[in-house]
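Trainee: quick one, fold the following:
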Amino acid sequence: MATNRTINSREQLVHCFMSLFNTAPDPVGIVDIRSLDISLANIKFEQLLNNLKYKPGNLEQLFRDEEQLAFNVFLEELKTNQQAMLSSRLTPPHGTSFDVFIRAFCITETDVLLHFVDISWEAKKKEEESQKKWIRYFEHLFANSKDILNLFSLTHQKILRLNPHASEVLGYSRDDLEKTPIEKIYPPEELLKLGATFQRLGEAGVAEEKLKIYDKQGKLRDIWSRAFVIQYEPETLCLVHTIDITEEKEKERRLLKETRLAALGEASATLAHEINNSLQSIQFNLYIVREAREQLPETLIKRLKSIENSVTHIGTVVRNIQNYTNISRAGKTNVFISTLVEGALQLLEGYVESRQVQTSQMIPKNLPPVHVNPNQVQQILLILFKNAIQAMTNSLKKELFLTAENDDKKVILRIKDSGSGIPDEIKDRVFDALVTTKPIGVGLGLGLSVAKKLCEANNITIEFESEIEKGTEFILTFIVPEEEKKPEAVKLPQQNILLYVDDEDTLFPSFEESLEKLKITVIKAYSVKEGLDILSNNRVDAILCSERMYPVSGYGFVKSARELFEGSICLMQGAQKLRSGPDAKGIEKLKLSYLKYPCEFGEFLNRVKDLLKDAQSQREEIEGTKRK
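Mentor: Below you'll find the predicted structure:
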């Protein structure tokens, strides 16, 4: 080869190309083809190597991944043809990639002349022209879309264009997104999903994903994005369509929560029914045993009293849980403040003990009843009690004072804690939603807002007084209803007939004998069909039935029974459930009375007597009408 004959020493080689190296505007160098070491380089080549953080050694280190494979092919062609050309992309450790065109010539058996030409400006020009074309193409769509749209470069991982609606929803402009670190836009767990989405997009040309993203105010929002690749060369561009689904996801979460609560309420109602049946049977049998206590030894009487207390406690706990899980909107009734307070405290008993809070009550038992929805008032008390306990977290003395008094046809309940107090700047907004003094993660600031609405629904006035580091006192003022005149007692006739409908036989044996002593004949029906058959063919003075025995609800039986029977019907346990359940519409027209159980045997007998008295009054009224 001519070059090998004329150039036979390193000094001659350097001298031959020195003029070229000094005047060349591009990077130029000489490389040993065996070791790929750079033996000679001009200033431009040295600058290029410094930019790429090149360390003395193999030239292959300038190329990465698929670019390195192309470089190996380039070397093979060079060895075969004595010359070769390569278009490649070089990527600095910290910086933007750029495209180069490399031309190589063998000048000796071991030396190669390399000439690098930076062609990034050409590629960049092509990319810019391509971007402008697509921006013009989608201009009308971007201007008028009510969803979030962006033109995204998958090659450079960069948003090129963002429509105006995106700024309205998220608060970001395109410049904001470029300047904001990605970890401040997406939560950590979302970054993994985002990376997987980009990978699917590059492979399949289309991808979709539900993600969470922070808006500019830091609020976490739910979005659904779908991206399409619209071109691959000179760079990969995608059209990304995003919908803000925050409200829909919030509705889903609320619906899921309500569904779970409904299932929990149904399960607790079923469980309470089974427990109450057994407790009622125990209480009725205890009543019979008490009647014969003169024949029992003293030790057995004490144990009997202990059993009675345990049964009463279990019944109270079950009733409180049942009341709290029931969401009743209509059922206002006369109830004592002391009963509501004790019920709420029992539900929070474990919470109070774990927080080491001492409670002090001064609530007279002779206060008049108030006319409210017991379930809603109990929710109010639970909110206020729990807020008070949480406010005392860092207090040395943790004391909760509960007092009540009667004041001119009003009952005033005071709930005072020894907590940190309410800051002056939020006192005017304390009943607004999302206002809270609790640490992040402890509360959302919704409790007092809910309590205020429940107070208004029950005609209760709620006020408060608070002093920093001395505590807060909430004052609830209840209206006392006017007393109703009691009707005169009516004597029972010689023989009465009571229809008792229940698919279980737990309670019947325990009260049948006692009712017979009162000259009350009890007819037992074990199903809805049997009960309706008895009503159709027999005289009945009153009906007592269980509400948890029917395939649908107690409403199905009492509705059918009312078509056959105009007398008194008492539904055991189901008062609140029916008045708030799906069959609540029209329940008032059936003129039912209710009996919660477990109850004392004396209370049960009195309710049966009242039913039969009402039946006698109705018969006398009908007979009087006939005589007239």
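Trainee: residues near the closest residue to L382 other than its chain neighbours, how many?
Mentor: Among residues not flanking L382 along the chain, A344 sits closest, at 5.3 Å (CB to CB, 6 or more residues apart in numbering). Where C-beta positions appear, they are placed from N, C-alpha and C, glycine not excepted. Counted with other CB atoms under 10 Å, residues neighbouring A344 total 24.
Trainee: check contacts around A344.
Mentor: Shown in contact with A344 (CB atoms under 8 Å, 6 or more residues apart in numbering): Q378, L381, L382, F385.
Trainee: name the element it belongs to?
Mentor: helix 337-347 (DSSP states H and E).
Trainee: what mean pLDDT does that helix have?
Mentor: Mean per-residue pLDDT for helix 337-347: 83.
Trainee: check stretch 406-417 too.
Mentor: For stretch 406-417, the per-residue pLDDT averages 87.
Trainee: buried residues in it?
Mentor: V411, I412, L413, R414, I415, K416, D417 (16 or more other CB atoms under 10 Å).
Trainee: how much space between the fifth one and S449?
Mentor: Between I415 and S449 the distance is 17 Å, computed by CB to CB, to the nearest Å.
Trainee: then the second one?
Mentor: Going from I412 to S449 by CB to CB gives 23 Å.
Trainee: how about low-confidence regions in the stretch 251-400 of the chain?
Mentor: 261, 265, 293, 316-317, 319-331 (pLDDT under 70).
Trainee: count of neighbours near the closest residue to K559 other than its chain neighbours?
Mentor: Excluding its sequence neighbours, the residue lying closest to K559 (CB to CB, 6+ apart) is L590, at 6.7 Å. A total of 14 residues lie near L590 under the criterion other CB under 10 Å.
Trainee: in stretch 367-381, what counts as buried?
Mentor: For stretch 367-381, burial by neighbour count (16+ other CB under 10 Å) applies to 367, 369-370, 372-381.
Trainee: how long is it from one end to the other?
Mentor: One end of stretch 367-381 to the other measures 18 Å (CA to CA, to the nearest Å).
Trainee: turn the buried residues of stretch 367-381 into CSV, including secondary structure and distance to D147.
Mentor: Formatted as CSV, the buried residues of stretch 367-381 follow (DSSP: H, G, I helix; E, B strand; the rest coil; distance: CB to CB, whole Å):
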residue, secondary structure, distance to D147
L367, coil, 60
P369, coil, 57
V370, strand, 53
V372, strand, 48
N373, coil, 45
P374, helix, 48
N375, helix, 43
Q376, helix, 42
V377, helix, 46
Q378, helix, 46
Q379, helix, 40
I380, helix, 43
L381, helix, 47
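Trainee: top helix in this structure by residue count?
Mentor: Ranked by residue count and defined by DSSP state H, the top helix of the chain is helix 246-291.
Trainee: how far off centre is that one?
Mentor: Using CA atoms, centre = their mean, to the nearest Å, the distance from the centre of helix 246-291 to the centre of the chain it belongs to is 22 Å.
Trainee: before we move on, the earlier item: the buried residues of stretch 406-417 in strands, which ones?
Mentor: V411, I412, L413, R414, I415, K416, D417 (DSSP state E).
Trainee: out of those, the closest to N606 would be?
Mentor: Nearest to N606 out of these is V411 (CB to CB; 26.3 Å).
Trainee: is that closest one in contact with N366, as I believe?
Mentor: No - V411 is beyond contact range of N366, at 11.3 Å (criterion: CB atoms under 8 Å).
Trainee: quick one: T393 is in a strand?
Mentor: No - membership of T393 in a strand is not supported by DSSP: H, G, I helix; E, B strand; the rest coil, which gives coil.
Trainee: now it: how far from D417?
Mentor: T393 is 11 Å from D417, by CB to CB.
Trainee: where do the contact lists of those two overlap?
Mentor: Counting by CB under 8 Å, 6+ apart, nothing touches both T393 and D417.
Trainee: which one of the buried residues of stretch 367-381 is nearest D111?
Mentor: Nearest member of these to D111, counting by CB to CB, is Q379, at 89.5 Å.
Trainee: contacts only, for the residue nearest to that closest one when sequence neighbours are not counted.
Mentor: The shortest distance from Q379 to any non-neighbouring residue, by CB to CB, 6+ apart, is to L454 (6.1 Å). By CB under 8 Å, 6+ apart, L454 lies in contact with Q376, V377, Q379, I380.
Trainee: pLDDT on the helix or strand in which L454 is found, on average?
Mentor: Using DSSP H and E, L454 maps to helix 447-457. Regarding helix 447-457, the rounded mean pLDDT is 80.
Trainee: downstream of that helix, the next helix or strand is which one?
Mentor: strand 461-467.
Trainee: what are the pairing partners of that next one, and which direction each?
Mentor: strand 471-479 (antiparallel) (DSSP bridges).
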